[in-house]
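[1] quick check, what structure comes out for this input:
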Amino acid sequence: MRKRAAALCGAAVVMAGTFTAVPAEASAPATAPSVHAAKLAWKKCGTDSYPTLQCASLKVPLDHRRPQGRQITLALSRVPHTAKTYQGPLLVNPGGPGGSGLTLAGFVASALPKEVAAQYDVIGFDPRGVGASKPALDCRPGHFDPVRPNSLPTSPAIEKANLDRARSFAAACGEKYGDLLPYIDTISAVRDMDAVRRALGAQRINYFGYSYGTYLGAVYAKFYPERVRRLVLDSVVDPTDVWYEANLNQDLAFNDRHRAFLAWVARYDATYGLGTDPEQVEAKWYTMRSALAKQPADGTVGASELEDTFLPGGYYNGYWPSLAEAFAAYVNDKNPEPLVQAYEDFGAVDASGDNGYSVYTSVQCRDAGWPRDWRRWREDNWAVYEKAPFMTWNNAWYNAPCAFWPTDSLRPVNVANGKLPPVLMFQATGDAATPYEGAVTAHRLLARSSLVVEEGGGNHGITLSGNACLDEHLTAYLADGTVPRGHGTADAVCEALPEPKPAAAEGANRKAGQASSKGSALHGLLGFRG
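    Purely as a prediction, here's the structure:
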């Protein structure tokens, strides 16, 4: 990865911390909302962390082809601009699909430099079906309650148990929300975003999306290129393998990321006592998994729950110290309590998680075609498992309701676009949830995009999380449209942040602690599986 990304920049590598100024497409800043903004009644809803947040709601058609038909409600949030220079609304989305964006608006407004954030109305929103939007989906409450069947289908009985769960979830969604499911998809969400734009009284919007939010933004740009002013895509979905193939590709990348975590544990054998050889540490992890499959820790953490607990470490390495401590306590001290606590912190699914998963499946299963013959799933996932055992089958069961989904599927959107102003994209070379190659593909399809690569990074969601080099590019773009331009695939390269230290050592490094705090705040909002 490291050599490849550097080579892609060719002779025009933009060194970390610098950028080449390229004027944005000539355009005047958007005018401030006036009479049209009366459609939204903003009320104070600030929190201790984000005291200036305001909230509103907006009714939109369930079916945008029938604008006078049934209406649903979108929940919105806003941090209003305070500067004389006003650059319009900046819509933000944390991904998923199924992620709530209300609090993200407060985070983005506070994490950006004040002089830049003050020029935007930062707008968060819960997409249709999500969170505070109404109706909010919850197909089968408690679907992830422990202890679930072992994700590894080593017998017909285990496979049947997992298949029954997937069928039951899909059937429950159809029974409860059969009238809604045909309209829970990315295209409908894009139509909603344009309704938000109209309600804000803006001719064009600025947009900042993470993870699945990058696909949502690219689809919006495809439908409404003339309504896009600035577009930021962080941790970019491959728009050409939506969604079945994307999950198989994720399995390979998550296995690599999990092994990176195990190698990190081996480097700190003096702290964790699990061995200095990464393969030895890996063997102990899978031995732990086998033991939990037979005897769940505290009757709560079985093999599937263990995978759920360690999956977030593939998204954000700031969790590695806590995960390593739980791993070591279970293996070395026969103490399951830290592992159970780690599950509660990272793996357990609450009511908001049930809602997020209901929307996740509804969107993914509707957006694109999935194999309806389980034999295809079985063959493909066993083949990937041979190369990548960490999350392959857990991920398969997570998406398996799509094999039985009660709606027809749409066709994926071809996001290729030559009509946009400059677009700014960010990608870590070792990202597991949205592998690097997908960002390269999206960069090629969006004709005027610039790609900033975090060389050697493995986190998912990399801007506003402590990397000053990345944030300089983001700030310059939001300030005046400046983007880096290189002559290779990557237009700029930033070095990754250092890997975390064990918890006892981390507090000694104030700078590392500040970066970790920013990263933890962001990743707490982005969630997992998106």
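
[2] give the helix, strand or coil label for Gly430.
    With DSSP: H, G, I helix; E, B strand; the rest coil as the basis, Gly430 sits in coil.

[3] with the one 3 residues further on instead?
    On the three-state scheme (three-state DSSP), Ala433 is labelled coil.

[4] residues contacting the nearest residue to it once chain neighbours are set aside?
    Spatial nearest neighbour of Ala433, excluding adjacent residues (Cβ to Cβ, 6 or more residues apart in numbering): His460 at 4.4 Å. C-beta here means a position set from N, CA and C on the backbone, and glycine is covered the same way. By Cβ atoms under 8 Å, 6 or more residues apart in numbering, the contact list for His460 reads Ser211, Ser235, Gly314, Tyr315, Tyr316, Ala428, Asp431, Ala432, Ala433, Thr434, Leu526.

[5] how about Val60, phi and psi?
    Torsion angles at Val60 (phi, psi; degrees, to the nearest 10) stand at phi -130, psi 160.

[6] that one is in contact with Gln71, isn't it?
    Yes: shown here, Val60 and Gln71 form a contact pair, counting by Cβ atoms under 8 Å, at 6.7 Å.

[7] and stretch 84-95, what's buried?
    Using 16 or more other Cβ atoms under 10 Å as the test for burial, stretch 84-95 gives Tyr86, Gln87, Gly88, Pro89, Leu90, Leu91, Val92, Asn93, Pro94, Gly95.

[8] and the residue nearest to Ala433, how far from Val301?
    Distance of His460 to Val301, computed by Cβ to Cβ, to the nearest Å: 24 Å.

[9] is the residue nearest to Ala433 within a helix or a strand, and which one?
    For His460, there is no enclosing helix or strand under DSSP states H and E.

[10] what's the pLDDT at it?
    On pLDDT, His460 comes in at 98.

[11] equivalent analysis for the one 5 residues further on, please.
    On pLDDT, Ser465 comes in at 96.

[12] ok, then the element right after the helix or strand containing Asn206?
    According to DSSP H and E, Asn206 maps onto strand 205-210. Reading on from strand 205-210 to the C-terminus, the next helix or strand found by DSSP H and E is helix 212-223.

[13] and that following helix, how far out from the chain's middle?
    Put simply, helix 212-223 sits 14 Å off its chain's centre (Cα atoms, centre = their mean, to the nearest Å).

[14] and that helix, what does it pack onto?
    With contacts taken as 3 or more Cβ pairs under 8 Å, 6 or more residues apart in numbering; DSSP states H and E, helix 212-223 sits against strand 89-93, helix 186-200, strand 205-210, strand 228-234, helix 436-445.

[15] tell me what the first one is packed against?
    Which is strand 89-93. When contacts are defined as 3+ Cβ pairs under 8 Å, 6+ apart, strand 89-93 sits against helix 102-111, strand 121-126, helix 186-200, strand 205-210, helix 212-223.

[16] now the third one and helix 212-223, what's the angle there?
    Here the directions of helix 186-200 and helix 212-223 differ by 70 degrees (axes from the mean of the first three to the mean of the last three Cα atoms, to 10 degrees).

[17] related to what we said a few turns ago, quick one: which of Val60 and Gln71 has more around it?
    Set Val60 next to Gln71 and count neighbours by other Cβ atoms under 10 Å: Val60 wins out with 21 against 12.

[18] give me the beta-bridge partners of that one?
    Residues in a beta bridge with Val60, per DSSP bridges, are Ile72.

[19] closest to Val493 among the contacts of His460?
    Closest to Val493 out of the contacts of His460 is Ala428 (11.3 Å), distances taken as Cβ to Cβ.

[20] right, and the closest one touches Tyr436 too?
    Yes: judged on Cβ under 8 Å, Ala428 makes contact with Tyr436 at a distance of 7.4 Å.

[21] quick check: which element contains Ser450?
    Counting by DSSP H and E, the element that carries Ser450 is strand 449-455.

[22] of all the residues in the helix or strand following that strand, which ones are buried?
    Later in the chain than strand 449-455, the nearest helix or strand by DSSP H and E is helix 468-480. Buried residues in helix 468-480, counted by 16+ other Cβ under 10 Å: Cys469, Leu470, Asp471, Glu472, His473, Leu474, Thr475, Ala476, Tyr477, Leu478.

[23] helix 468-480 packs against which elements?
    helix 114-117, strand 228-234, strand 423-428, strand 449-455, strand 492-495.
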